[in-house]
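Enquirer: generate a structure from the sequence data that follows.
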Amino acid sequence: MSAIEVPLLASAIAPRQEVACLTRAEAKDIVDIYVQLIANYTDEVCDKYCVLDFVDRSDSINTFIFTPLGEPTFATKEIFMAARNANPPFPILVDSIDAIDCEAVALRSHATFGAANLPSRGITIIGTTKREGYAQIKSLDVEFNSLIWLLNMGGNYSWEG
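Expert: From the prediction side, this is the model:
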């Protein structure tokens, strides 16, 4: 038998770029900023804490705004800002911060409001970066109970069996 030369796997993988990871305190701050973006929106906070190439994805929201599922909901920071300015604030409450990674935070939340006043539970993954030297939001991936949200907004549905 002869030995076969196999290149080392490590040489086939590009070196990982070092990134400044989120601390627990920064993750909590980012979650507070997310809540402010939803419950008490201002352009100033969005300008400072959402990066230029920000994107928001939510099939839950896409069902309401007739955007195809899987497509970005707000593909740019400017579209997100316009949507937040055109809509009322939602009283989102964070139930738990479930995971903190180097560049992401996962949380569970709920919002109770409107006509039905029922709690619509949701899950959010906040993608982050420190490219400006401080923690900023680069993406939001948000899903929630859109049926309860519809009822809270005064809508209705009928279930055909």
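
Enquirer: need the strands for the protein, in chain order.
Expert: Shown for the chain, the strands assigned by DSSP state E span residues 50-57, 92-101, 104-112, 119-129, 136-144.

Enquirer: and the last one with strand 119-129, angle?
Expert: Right, strand 136-144. Comparing the axes of strand 136-144 and strand 119-129 via axes from the mean of the first three to the mean of the last three CA atoms, to 10 degrees yields an angle of 150 degrees.

Enquirer: partners of strand 136-144, with directions?
Expert: Sheet pairing of strand 136-144 (DSSP bridges) gives strand 50-57 (parallel), strand 119-129 (antiparallel).

Enquirer: which one of the ones you listed lies closest to Glu160?
Expert: strand 119-129 (22.8 Å; CB to CB). In this view, the C-beta of every residue, glycine as well, is placed from N, C-alpha and C.

Enquirer: would you mark the buried spots in that closest one?
Expert: 119-120, 122, 124-129 (16 or more other CB atoms under 10 Å).

Enquirer: what is the nearest of those residues to Val105?
Expert: Of all the buried residues of strand 119-129, Ile126 has the smallest distance to Val105: 4.6 Å, by CB to CB.
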